[in-house]
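1. Sequence first, predicted coordinates after that:
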Number of protein chains: 2
Amino acid sequence: MKELISKIKSSIPLSQKAEEYVYSISKERNISKGETLIREGQKVRKTYFVNEGCLRSFCTDKTGKEHTLQFAIKNWWMSDFMAIYSNQIATLTVESITDCKVIEFNAKELEEIYNLYPEFETFQRKNLERHLVSMHKRILNQLQLTAEERYDLFLEQYPDIEQHTPNYHIASYLGITQQSLSRIRVEKTKK
Amino acid sequence: MKELISKIKSSIPLSQKAEEYVYSISKERNISKGETLIREGQKVRKTYFVNEGCLRSFCTDKTGKEHTLQFAIKNWWMSDFMAIYSNQIATLTVESITDCKVIEFNAKELEEIYNLYPEFETFQRKNLERHLVSMHKRILNQLQLTAEERYDLFLEQYPDIEQHTPNYHIASYLGITQQSLSRIRVEKTKK
DNA sequence: AAATAAAATAACCCTATGGTAAGAAATGTT
DNA sequence: AACATTTCTTACCATAGGGTTATTTTATTT
């Protein structure tokens, strides 16, 4: 819990009571590599804050192919936000691609904090802003960069992920096939 | 202003004072087609709420090609949120693609409402959630749909935009060239 | 209505990426 | 260490979409 609280405290003032409440509704969990935290088609009850390791969210299309929406590393939130915010069944699956330390929140209880402690709503609003910025950048990158440029950027943004996840997950994040990524990687070593 | 207030009131309770404050810092503006509201490279001072018409935000790459990030129709906010939330110079241009009625806010003053009226922060948090959901969907569509499927979806989501904007803006939103979109449209009429 | 400008389509060929399948390399398991 | 499984690479051809340029259509201006 330390991690989240220190993160919160550095960005907004948080009262003793608010801090205690956050403790009371959260649960530190050690997740081992390959666990599924949220499953497509089921109700989404949890939201996760990553302290260590990496989570991945993806959807599966009709042909069975996976498409990675996000990798969440330290200090990022992860859930199926489409499901939570629109009150629908999960369309995403969330799984751990490394051993992780996460803080688990019940999504409903997290909603209720806002009424009790407005300072927490400020914290969450800022997280949403940060998340939105990151999604805007992602969309623009997808529109204007080549697959190779996107891969370079990915390596910059997530320098630690490459070692921990198979390349086809990265490919599915970049919007290309495993084979195309392999080709790009090979050409890179030639240069 | 009526529009925004009614929108706010339907989603959250808003005190008389908060309502008056929102009035005091906002300005109704009639925008004619083709005006530039935010310009790439300049400081971003304004955020817009669309009551009528349609705004478009886009970035321009090294080769001069435009990439459309968003179309904003009734009840959506528009600005360069990357610039505002990261306190940087605009990388986007925002222009009107039809005559519009918008409510203009000074972005800084909008920040200050949150301290004065926490109920406004709730409103804004919900807007951010809605916006985030829309971006997540957009990314997943880009990853899993063909250009033609994305175009079909676009026509569903923005049935009124097609008549008001040149096709190359739509193409730049879909991530394809004007010529490819033309090809898709022609094939569609054959079917 | 004529002239001009802007947008859309068409036709060319080219390139990046996809699909499939097979083999090589790496990793995990007994 | 041997085997099985997973992941990565290679090679083939197929295809969607890009770049360029020309032509047609539509919209705008005079």
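-> Ah, there it is.
2. I'd say residue A:110 and residue A:44 touch.
-> No. In this structure, residue A:110 is not within contact of residue A:44 by CB atoms under 8 Å, at 11.7 Å. For the C-beta atoms, the positions are set from N, CA and C on the backbone; glycine is no exception.
3. Near residue A:54, how many other residues are there?
-> The number of residues packed near residue A:54 is 22, by other CB atoms under 10 Å in any protein chain shown.
4. surely it meets residue A:73?
-> Yes. Contact criterion CB under 8 Å: residue A:54 and residue A:73 qualify, at 5.2 Å.
5. Identify the contacts common to those two.
-> Common neighbours of residue A:54 and residue A:73 (criterion: CB atoms under 8 Å, 6 or more residues apart in numbering or on different chains): A:160, A:161.
6. who's in contact with the spatially most central residue of chain A?
-> The centre of chain A sits closest to residue A:72, judged by CA atoms, centre = their mean, with a distance of 3.2 Å. Residue A:72 sits next to A:48, A:50, A:54, A:55, A:56, A:57, A:78 when contact means CB under 8 Å, 6+ apart.
7. again with residue A:99
-> Taking CB under 8 Å, 6+ apart as the test, what residue A:99 contacts is A:30, A:31, A:32, A:33, A:52, A:53.
8. State the distance from it to residue A:51.
-> 12 Å (CB to CB, to the nearest Å).
9. Same question for residue A:92.
-> In terms of CB to CB, residue A:92 sits 21 Å off from residue A:51.
10. Give me the more crowded residue out of these two.
-> Higher neighbour count among residue A:92 and residue A:51: residue A:92, with 25 against 18, using other CB under 10 Å.
11. confidence score at the residue nearest to the centre of chain A?
-> As predicted, residue A:72 sits at a pLDDT of 95.
12. Please report phi then psi for residue A:175.
-> Here is the backbone geometry of residue A:175 (degrees, to the nearest 10): phi 90, psi 30.
13. Excluding residues flanking it in the chain, which one is nearest it?
-> residue B:143 (5.0 Å; CB to CB, 6 or more residues apart in numbering or on different chains).
14. Equivalent analysis for residue A:53, please.
-> residue A:100 (3.1 Å).
15. Neighbours of that neighbour, how many?
-> So residue A:100, with other CB under 10 Å, has 24 neighbours.
16. surely it meets residue A:56?
-> No. Applying CB under 8 Å as the test, residue A:100 and residue A:56 come out as separate, 10.7 Å apart.
17. Who does residue A:56 form a beta bridge with?
-> Taking DSSP bridges as the rule, residue A:56 bridges to residue A:71, residue A:95.
18. Model confidence score at it, please.
-> pLDDT, residue A:56: 96.
19. Likewise for residue A:152?
-> Reported pLDDT at residue A:152 in the predicted model: 96.
20. so what's the residue nearest to the centre of chain A closest to, chain neighbours aside?
-> residue A:78 (3.9 Å).
21. Around DNA strand C, pick out the residues from chain A.
-> Residues of chain A lying close to DNA strand C (CB under 7 Å from any atom of the strand) are A:146, A:147, A:148, A:175, A:176, A:177, A:179, A:180, A:183, A:184.
22. The closest residue to residue A:77 other than its chain neighbours: neighbouring residues, count only.
-> Distances taken as CB to CB, 6+ apart put residue A:49 closest to residue A:77, at 5.5 Å, once the chain neighbours are dropped. Using other CB under 10 Å, residue A:49 has 23 neighbouring residues.
23. right, and residue A:5 touches residue A:20 too?
-> No. Under the criterion of CB under 8 Å, residue A:5 is not in contact with residue A:20, lying 10.3 Å apart.
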